[in-house]
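Engineer: mind folding the following:
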Amino acid sequence: MRSIHDNLQAVRQRIARAAQAAGRDAAGVTLLAVSKTHPAALVEQALAAGQRAFGENYVQEALEKMEAIRGAEWHLIGPLQSNKTRIVAERFDWVQSVDSEKVVRRLAEQRPAGMAPLNVLIQVNVSGEASKSGVPADKASLLSELIQQLPRLRLRGLMAIPEPGADGARYRELKSLYEGLKGRFRFDTLSVGMSDDLELAIAEGATMVRIGTAIFGARRRSGGTELPPAPPLQKSAA
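Structural biologist: Predicted coordinates:
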């Protein structure tokens, strides 16, 4: 069984090869380790192996890990309910799943003045699936304009979860949207790509990939047992 350190090295090598094939600098692709459902002990191993940024879907689970671990950068990548915006604004470094005016305004109001601005990504429902979170592509500009007007938030770019098995056209649509908004809003982050599609995502411009299974293995139940293989969750960003 490979260690977390070995898994991270293997993923970094995949990123480097994909970037080289796309004629890109691998330094321009950030690795976000998706630690949802995995115990704090594994996160600590990844942190010790040089991984700093971690993604969590569930607020309470993330808070428990934050209490046990110091020195990590925490990203919320799952859907955010408005009744949890205060604790998220107070504790997280990034929110990648912003998709409504209500949530945006609450995050801005509740981010403590003594903290650095909260980094936010707008989640785009690039596939148009009703079961997925995110704004339609044609609404991303309006939400971007709102976020830029609010203090305590720093708009960084877009996040998306293409449907399983999507071809390159879907990723190119997202890249086109990102490039079209980048100049107006100074975007620097396009978060797309997971364990199964990171090469395609990098070929089509991803600047951040969200990798869980390839680093930590199968998802785990709260008691630590592994869950059977399952297709990607429709409202998950792992």
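Engineer: from Ala19, how far out is Phe110?
Structural biologist: Actually, residue 110 is Gln. It isn't Phe. Per CB to CB, to the nearest Å, Gln110 is found 37 Å from Ala19. C-beta coordinates here come from the backbone N, C-alpha and C atoms, glycine included.
Engineer: swap in Gly180?
Structural biologist: 23 Å.
Engineer: neighbour count winner among the two?
Structural biologist: Taking other CB atoms under 10 Å, Gly180 and Ala19 do not tie; Ala19 has more neighbours (19 against 13).
Engineer: hang on, Leu190 packs against Leu174?
Structural biologist: Yes. Assessed by CB atoms under 8 Å, Leu190 is found in contact with Leu174 at 7.2 Å.
Engineer: pLDDT weak spots in this protein?
Structural biologist: Regions of the chain meeting the criterion pLDDT under 70 cover residues 1, 129-131, 220-238.
Engineer: now Leu158: which helix or strand?
Structural biologist: When elements are assigned from DSSP states H and E, Leu158 belongs to strand 153-160.
Engineer: could I have that strand exported to CSV, CA atoms only?
Structural biologist: The C-alpha coordinates for strand 153-160 follow below in CSV (Å, rounded to 0.1, in the frame of the first residue of the first chain):
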residue,chain,number,x,y,z
LEU,A,153,-14.4,39.3,-0.4
ARG,A,154,-11.7,38.7,-3.1
LEU,A,155,-13.1,37.2,-6.4
ARG,A,156,-10.6,34.8,-7.8
GLY,A,157,-12.4,33.1,-10.6
LEU,A,158,-14.6,30.1,-11.5
MET,A,159,-15.2,26.5,-10.3
ALA,A,160,-17.1,23.8,-12.2
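Engineer: buried stuff in that strand?
Structural biologist: Neighbour counts using 16 or more other CB atoms under 10 Å place Leu153, Leu155, Arg156, Gly157, Leu158, Met159, Ala160 of strand 153-160 among the buried residues.
Engineer: looking at those residues, which is nearest Leu143?
Structural biologist: Proximity of the buried residues of strand 153-160 to Leu143 (CB to CB) peaks at Leu155, which lies at 9.1 Å.
Engineer: how about the contacts made by that closest one?
Structural biologist: If a contact means CB atoms under 8 Å, 6 or more residues apart in numbering, then Leu155 has Val120, Ile122, Ser144, Ile147, Gln148, Phe185, Arg186, Phe187 as its contacts.
Engineer: swap in Ala108?
Structural biologist: With contacts taken as CB under 8 Å, 6+ apart, Ala108 has the following neighbours: Leu150, Pro151, Arg152, Leu153.
Engineer: surely Arg91 meets Gln60?
Structural biologist: No. Using CB under 8 Å, Arg91 is not in contact with Gln60, being 11.1 Å away.
Engineer: give me the more crowded residue out of those two.
Structural biologist: Arg91 (16 against 9).
Engineer: how far away is the more buried one from Leu8?
Structural biologist: From Arg91 across to Leu8, the span is 25 Å (CB to CB).
Engineer: number of nearby residues for Val95?
Structural biologist: The number of residues packed around Val95, counting by other CB under 10 Å, is 26.
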